[in-house]
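Here you go, sequence then predicted model.
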Protein chains: 2
Amino acid sequence: MPVHNIVRGAGNKRKLVHPAQLTLLGFLIGIAAGTALLALPISRTGPGGATLVEAFFTAVSAMCVTGHVIVDTPTYWTGFGQVVIMVLIQVGGFGVMTFASIIGIAVVRRLSLRSRITAAAETKSVGFGDVRSLILGVLKISLIIEGIGALILFFWFLLRYGYSVGEAAWFAIFHAVSSFNNAGFALFSNNMISFVDDPVVSLTLCAEIILGGLGFPVIVQLLRHGGNRLKWSMNTRIVIAATPLLLVAGTVYITLIEWNNPATLGPLDWQTKLLAGFFQSVQTRTAGFNSIDIGAMSEASQFGMTALMFIGGGPAGTAGGIKITTFAVLFFILLAEVRGDGVVNVFGKRLSRAVHRQAIAVVLLSVGVVATSTISIMLLSGLPLGPVLFETVSAFGTVGLSEGITPELPVAAQLILAVLMFVGRLGPIGFATALALRERAVLYELPKERPIIG
Amino acid sequence: MPVHNIVRGAGNKRKLVHPAQLTLLGFLIGIAAGTALLALPISRTGPGGATLVEAFFTAVSAMCVTGHVIVDTPTYWTGFGQVVIMVLIQVGGFGVMTFASIIGIAVVRRLSLRSRITAAAETKSVGFGDVRSLILGVLKISLIIEGIGALILFFWFLLRYGYSVGEAAWFAIFHAVSSFNNAGFALFSNNMISFVDDPVVSLTLCAEIILGGLGFPVIVQLLRHGGNRLKWSMNTRIVIAATPLLLVAGTVYITLIEWNNPATLGPLDWQTKLLAGFFQSVQTRTAGFNSIDIGAMSEASQFGMTALMFIGGGPAGTAGGIKITTFAVLFFILLAEVRGDGVVNVFGKRLSRAVHRQAIAVVLLSVGVVATSTISIMLLSGLPLGPVLFETVSAFGTVGLSEGITPELPVAAQLILAVLMFVGRLGPIGFATALALRERAVLYELPKERPIIG
Ligand SMILES: [K+]
Ligand SMILES: [K+]
């Protein structure tokens, strides 16, 4: 089914819904199969199989590339179980990236065709003629980036840490897949805390995470046009501008607050403090590894990370959250208002007015979902706001960072987190797409009126 | 200076800025005078005068009708000090109501004149020819509503509780003023906890609070047109529809969660549970009295109240927060998006597109201000997210409800709360007005483009 057809078949609902239905079905099948496989005795190191809740929670967490765990990945699951988890991560990350790219490009193209002005530029800039070549493109880019990361990690594990060839290869591949797909699953019981002062492991994971989080359309434009910004779409410009800003802001914030915390950065030298600050900042974009104890961080750091996790990464990538572009749209609206502009211009283009409303709708619904889940889990567990909000935003943003409370939550609360991962993974994309595809010309307008604001 | 001139003098910035400058100046003078008077030894019961921080914090809290306290109002201040507090409350509440009404009506009229369609209806519906008669109108309505409340309380204190005539009169007047102006200052050390099962005191205060929180333009329209909804403005319709919804939602939420809490509603009979649930729900609109121990409520209740306090009351009244209308605008945008409407229609009128952006701007800035203060106070005090967020939202929304931590905060944190009350009192009105008055026609538009959302 050529993308071109999806785009041109604007009046044909069946074709448009197709990729969304396929993705939803794929996720449900993946989760069901993952749950079944993980519940087998062969997946668990201990006697018997995992409980249904453990298998289901882990399958959802892997498929939705979140990384929240209620059992310890390296000790609870066998090598077979870990392979199942890795495959789920790869399929889940690939699935969302493909789906969001197809749909995102279709929306941008179809709606741009109306204005006829940017259509040519947009189409050329992404320019995959059909779904098959787009899928192959996503696959190729994923495997190449994961492959490079895995190679670096392989040689480092082999030479620096003296792993056997087989061990080094397995650990390298698993963590490359887990990081590029922003999954945050680790094969170490303390996640990445042992590597807090290892720049090779830390920065390789960070590079994978950031690239996966930029999103496929951005990577493609960077590969095609490099630094030629005139050819970048608004989407690429926003993601490329905002990602470093968020990363630096997070690094400065975390490093400053935790500088003297004896349980986190306190005992480290200043280079390692910076490395660890940067590493945790990158994790909010939304990988979910940790190289210091998240639960031991100051409440202020945790709250700041909660905000960053809610924003998340770039659209049509492996990252979660409301997405950098959604956040940026709200920011540019605020900026335009403060400047007194009647329209919102972003990097020399006008931001479509329909997008204003869509961004508000996505953010409001996301806030509503997170608030409802937070209140429910507070009532179920009796835990205070800070840690519960951290955990729900982390699940909704498919981050997987944890203050350590998730394994101890009542089963009902764990199931809420599982639903939240699923909703957080597919909800914003699906909702925003549905809104965008339903945009229509206004045929008549009622007389205008305004209430008092503020 | 006739309102009409403000409205017609659209090109004349001096006249438009005038009431805002006057209000700002008035608040600063009021706070300075209040601080000076409260620092006098005659204001304090103990030896010597209050400290500068105590006097300043109390003056800001009274003038901004918040009700946050760092010293106990009935025992720390003398009768003289309490009169100073009451006068500040009356002046502050009256000042904001007048300012917001003048400015709000000017904005609505001036911008409605552009469309020419609703101008006549809007102008007639409020219809104060000049500022003097508007000020007199606010004064008359305030004094009448406060007077009725004071009379009820006077006879009740006299007959039911056996106060002397003087005592009954003083307590009645103080609490009527404090409640209509949504100030939340009480002359009882445990605030209103002694009256938790007294429906007369509870409901009289609630009625004053709700009326003050509807806002002057709504009260005027109700007096003029009664139940004739066709003549109501969009502002009145939103406030009248949303206020009961928020009150009922808050009552149900608080009553259900606290039903069995032994430290709050647990020991009460079911009628008193409902009365107390309703009473605390009303306080988030944004009076700040309490008839149960707020600090002993479940974290989930406190979080829900935080959200309600952030929303606040109707515009151009004595309530604070981002205002019900601002929240409703976002809600109606979400509703329109979910329905797939290209425009946002509210009660049969189209919501001006500029208002969409203004509401987003007000909410984003408010979230930014609250988040920054929350993080600062967490760092200064080492306290966890839940109670600090409650306290900052309570200050920003000029609510004054407290979990009891404010008196123990470091001075720097108390000063942040003082600034927050001031910013919360005048910021949203001033900011939204500045935005609205700068609205201008768009002369040219750049080509349109859209990023991927969600
Ligand atoms: K993750
Ligand atoms: K108040």
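Happy to help now that I have it. Residues are numbered from 1 along each chain as shown, chains lettered A, B, ... in the order given. Ligands and ions are numbered 1, 2, ... in the order given.

Tell me where the stretch 101-250 of chain A has strands.
Here the stretch 101-250 of chain A has no strands by DSSP state E, counting those that start in this stretch.

Tell me which residue in it sits closest to ligand 1.
A:G184 (3.9 Å; C-beta to the ion). Yep, even glycine has a C-beta here, placed from its N, CA and C like the rest.

which residues sit in contact with that residue?
By C-beta atoms under 8 Å, 6 or more residues apart in numbering or on different chains, the contact list for A:G184 reads A:V65, A:T66, A:G67, A:S178, A:Q283, A:A287, A:G288, A:F289, A:V399, A:G400, A:L401.

Quick check: residues of chain A near ligand 1?
Residues of chain A lying close to ligand 1 by C-beta under 5 Å from the ion are A:T66, A:G67, A:N182, A:G184, A:G288, A:V399, A:G400.

and which of those residues is nearest to ligand 2?
A:V399 (37.1 Å).

Can you tell me the SS state at the closest one?
Counting by DSSP: H, G, I helix; E, B strand; the rest coil, the backbone at A:V399 sits in coil.

residue contacts, the nearest residue to A:R229 once chain neighbours are set aside?
Leaving out its chain neighbours, the residue that sits closest to A:R229 by C-beta to C-beta, 6 or more residues apart in numbering or on different chains is A:R237, at 7.0 Å. Shown in contact with A:R237 (C-beta under 8 Å, 6+ apart): A:R229, A:V346, A:F347.

coming back round to it: by neighbours, which of the residues of chain A next to ligand 1 wins?
If you count neighbours using other C-beta atoms under 10 Å in any protein chain shown, the busiest of the residues of chain A next to ligand 1 is A:V399, which has 36 neighbours.

thought that residue was touching A:V282?
No - between A:V399 and A:V282 there is no contact, the gap being 11.2 Å when judged by C-beta atoms under 8 Å.

still on that earlier bit, please flag which of the contacts of A:G184 sit within helices.
A:S178 (DSSP state H).

Let me have the contacts of A:G184 in TSV, adding pLDDT as columns.
Conversion of these to TSV gives the following (pLDDT from 0 to 100):
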residue	pLDDT
A:V65	92
A:T66	92
A:G67	90
A:S178	94
A:Q283	93
A:A287	89
A:G288	89
A:F289	92
A:V399	93
A:G400	90
A:L401	91
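
what's the closest of the contacts of A:G184 to A:G79?
Nearest to A:G79 out of these is A:S178 (C-beta to C-beta; 15.2 Å).

so where's the stretch 101-250 of chain A uncertain?
Scanning the stretch 101-250 of chain A for pLDDT under 70 picks out A:105-106, A:108-130.

Report the closest residue of the stretch 251-400 of chain A relative to ligand 2.
A:L385 (22.3 Å).

residues contacting that residue?
A:T374, A:M378, B:E299, B:Q302, B:F303, B:P384, B:L385, B:G386, B:L389.

and the residues you listed, which two are the farthest apart?
Farthest pair in the contacts of A:L385, by C-beta to C-beta: A:T374 and B:P384, 14.5 Å.

more crowded one of the two?
A:T374 (22 against 18).

and the more buried one, what helix or strand is that in?
Per DSSP states H and E, A:T374 falls inside helix A:353-381.

avg pLDDT for that helix?
The average pLDDT within helix A:353-381 is 91.

Would you confirm that A:A59 contacts A:L88?
Yes - taking C-beta under 8 Å as the definition, A:A59 is a contact partner of A:L88 at 6.2 Å.

overlap in contacts of these two?
A:G30, A:G34.

of the two, who's got more company?
Neighbour totals were compared for A:A59 and A:L88, and A:L88 leads with 28 against 25 (other C-beta under 10 Å).

which residues in the stretch 251-400 of chain A form strands?
A:345-346, A:349-351.

mind checking which of these is nearest A:W270?
The nearest among the strands of the stretch 251-400 of chain A, by C-beta to C-beta, is strand A:345-346 at 37.7 Å.

Name every strand pairing with that closest one and say which way it goes.
strand A:349-351 (antiparallel) (DSSP bridges).

neighbours around A:N290, how many?
Neighbour number of A:N290 under other C-beta under 10 Å is 24.

Quick check: the closest residue to A:F347 other than its chain neighbours vs ligand 2, distance?
The shortest distance from A:F347 to any non-neighbouring residue, by C-beta to C-beta, 6+ apart, is to A:R237 (4.7 Å). Distance of A:R237 to ligand 2, given as C-beta to the ion, to the nearest Å: 45 Å.

quick revisit: so the helix holding A:T374 versus helix B:353-381, what angle?
Taking axes from the mean of the first three to the mean of the last three C-alpha atoms, to 10 degrees, one finds helix A:353-381 and helix B:353-381 inclined to each other by 40 degrees.

Now do helix A:353-381: which elements does it pack against?
helix A:324-339, helix A:385-396, helix A:411-438, helix B:299-311, helix B:324-339, helix B:353-381 (3 or more C-beta pairs under 8 Å, 6 or more residues apart in numbering or on different chains; DSSP states H and E).

how far out from the middle of the chain is it?
Here helix A:353-381 is found 17 Å from its chain centre; the criterion is C-alpha atoms, centre = their mean, to the nearest Å.

Buried by neighbour count: which residues of that helix qualify?
A:353-366, A:369-370, A:373-381 (16 or more other C-beta atoms under 10 Å in any protein chain shown).
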